[in-house]
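Chemist: I'll drop the sequence and a predicted model, then ask my questions.
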Amino acid sequence: MKAVLQRVNNASVRIDGKIRAEIGRGLLILLGIEKGDAEERCAELAYKAMNLRIFEDEKGKMGQSVKDIDGGVIVVSQFTLAGNCKKGLRPDFTTAMEPVTANKYYEKFVEECRADYAAEKIQTGIFAADMKVSLENDGPVTIILESKQE
């Protein structure tokens, strides 16, 4: 399971030209689920994402989480994070989890984020939809979290 966290000043998701999700300061999380990922890892990864201190504190250091700044969160499913580019010039997506289970894990991750932070602060795209994601990355700060089955 891979999550790309982007610290943003603002972000939005549009589907069919309509805004699905929109936040000011906070996190845009792109979530990719791979074959072999365990559902139990959703809670671990969600906790890490909601509590990771990547926002500046009063000393100008990365000392605050999205919860500390009362920020917004958008979670977007992104199967292309499972892409393998080791051979050739076309990504291979054979390691991506099949859609039914991937959607279940995506929903579980969102549920865990809402349980750890505040349900009303967590917005989402739509699993497997064609989405247009806009953001203004703050910093830029982009962190990759991985939770691999051991």
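Modeler: Received, thanks.
Chemist: contacts only, for Ile23.
Modeler: By CB atoms under 8 Å, 6 or more residues apart in numbering, the residues touching Ile23 are 8, 10-12, 71-74, 123. Glycine gets a C-beta too; all of them are placed from N, C-alpha and C.
Chemist: the longest strand along the chain pairs with which strands, parallel or anti?
Modeler: Ranked by residue count, the top strand of the chain under DSSP state E comes out as strand 131-146. Taking DSSP bridges as the criterion, strand 131-146 forms sheet pairs with strand 2-15 (antiparallel).
Chemist: excluding chain neighbours, what is closest to Val66?
Modeler: The shortest distance from Val66 to any residue that is not its chain neighbour, by CB to CB, 6 or more residues apart in numbering, is 5.0 Å, and that residue is Leu27.
Chemist: residues making contact with the helix or strand containing the one you found?
Modeler: With elements delineated by DSSP states H and E, Leu27 resides in strand 26-32, which encompasses its position. When contacts are defined by CB under 8 Å, 6+ apart, strand 26-32 is touched by residues 1-8, 11, 49, 66, 69, 71-82, 96, 106, 109, 113, 121, 133, 135.
Chemist: can you say which of the contacts of Ile23 are buried?
Modeler: The neighbour-count criterion (16 or more other CB atoms under 10 Å) marks 8, 11-12, 71-74, 123 among the contacts of Ile23 as buried.
Chemist: those residues: which two are farthest apart?
Modeler: Using CB to CB, the buried ones among the contacts of Ile23 reach their maximum pairwise distance at Ser12 and Gly71, which is 14.5 Å.
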